[in-house]
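Asks: what would the 3D arrangement of this be:
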Amino acid sequence: MADAGLFSVEGKVAVITGGTSGIGLMLARGFVEAGARVFVSSRKADACARVQEELSQVGWCRGVPADVGDSDAVARLVAAVTEQERAVHVLVNNAGATWGAPLEDYPDEGFDKVMRLNVRSAFRLTVALLPALRAAAPASVINIGSVEATQVPEWENYAYPASKAALHMLTRQLARRLAPEAITVNTIAPGPFPSRMIAFATEDPEHWAAIERTIPLGRAGEPDDIVGPALFLASRAGAYLTGASIPVDGGLGGVGTV
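Replies: Numbering: from 1, shown residues only. Below is the predicted model:
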């Protein structure tokens, strides 16, 4: 019989960026319900307060407003966490942005914003939290990538797929560097999940149905679909996995189109 605690995150401290909506909120709720002490961050203070109140009904949650694309805000987030917790067992770099525009109109502002938030912020926050991750070791960093890191989407969205491909490679580099310190670093690469980022699709029933038809399993992702792999990576069950990219896309990355 398998060890009952193999997949447990009970009592672990987790930091989840972009944790007030979409996949981030799914993960935050999943970790809280599994018994972790969860810090969620996002740019909006009211969203952090709302999620803190909501998830505190089922477990331990604190909301910390922070724009992780800003270095000073990263420092404030780390200070807020480490004032309460000496060790952080799990860091989920989920905060992200997208920007769609035609090729010849694609602005530098949009490209830079997406790369800063989707790639640089994950790197900077991981480095800033290293003392707390080392104090918790074995610890886990989970970067939320995308199936679009390896698959060209049908819509014009140049910076986002490029940023996620960069994040996947950054994961591998960090995994190699931090492995001797018992800190694993992995990527989860979701396919379509309902979120504010793809509201242009979810708010159009015909468009959303068309996307779901391209997915071999016939549906978009649901909360348990993303929470399960994250809990695996954060628990002893995932302790021997590092530098990996796990597709959570209903088979889309293998045979479908985004």
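
Asks: give me the buried positions along stretch 142-157.
Replies: Residues 142-149, 151, 157 are the ones in stretch 142-157 that count as buried (16 or more other C-beta atoms under 10 Å). For the C-beta atoms, the positions are set from N, CA and C on the backbone; glycine is no exception.

Asks: right, and the helix or strand after the worst-scoring helix or strand of the chain on mean pLDDT?
Replies: The weakest-scoring helix or strand in the chain, judged by mean pLDDT, DSSP states H and E, is helix 199-202 (a mean of 59). Using DSSP states H and E, the helix or strand that directly follows helix 199-202 along the chain is helix 205-213.

Asks: got the residue ranges for the helices in the chain?
Replies: Read by DSSP state H, the chain holds these helices, from start to end of the chain: 22-33, 45-55, 71-82, 108-115, 121-128, 130-136, 159-178, 199-202, 205-213, 223-234, 252-255.

Asks: quickly, which of those helices bottoms out on average pLDDT?
Replies: Set side by side, those differ in mean pLDDT, and helix 199-202 is lowest with a mean of 59.

Asks: test my guess that residue 5 contacts residue 236.
Replies: Yes: with contact defined as C-beta atoms under 8 Å, residue 5 and residue 236 form a contacting pair (7.1 Å).

Asks: give me the more crowded residue out of the two.
Replies: Neighbour tally, residue 5 and residue 236, criterion other C-beta atoms under 10 Å: the higher count belongs to residue 236, 14 against 11.

Asks: for the residue nearest to that one when sequence neighbours are not counted, give its distance to residue 102.
Replies: If you skip the residues right next to it in sequence, residue 236 has residue 6 as its closest partner in space, 5.5 Å away by C-beta to C-beta, 6 or more residues apart in numbering. When C-beta to C-beta, to the nearest Å is applied, the distance between residue 6 and residue 102 equals 49 Å.

Asks: which one's more surrounded, those two?
Replies: For residue 6 versus residue 102, neighbours defined as other C-beta under 10 Å are more numerous around residue 6 (12 against 8).

Asks: who's in contact with the more buried one?
Replies: Neighbouring residues of residue 6 by C-beta atoms under 8 Å, 6 or more residues apart in numbering: 235-237.

Asks: list the residues that contact residue 5.
Replies: By C-beta under 8 Å, 6+ apart, the residues touching residue 5 are residue 236.

Asks: give me the phi and psi for it.
Replies: Torsion angles at residue 5 (phi, psi; degrees, to the nearest 10) stand at phi -100, psi 10.

Asks: which pLDDT value belongs to it?
Replies: You'll see residue 5 listed with a pLDDT of 91.

Asks: ok, it to residue 206 distance?
Replies: Between residue 5 and residue 206 the computed distance is 46 Å (C-beta to C-beta).

Asks: now the helices of the chain in TSV, with mean neighbour count and distance to residue 245?
Replies: Supplementary listing: these in TSV, determined by neighbours: other C-beta atoms under 10 Å; distance: least, C-beta to C-beta, whole Å:
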stretch	mean neighbour count	distance to residue 245
helix 22-33	24	16
helix 45-55	17	28
helix 71-82	17	24
helix 108-115	16	19
helix 121-128	21	14
helix 130-136	18	20
helix 159-178	19	5
helix 199-202	15	23
helix 205-213	13	21
helix 223-234	20	11
helix 252-255	16	10
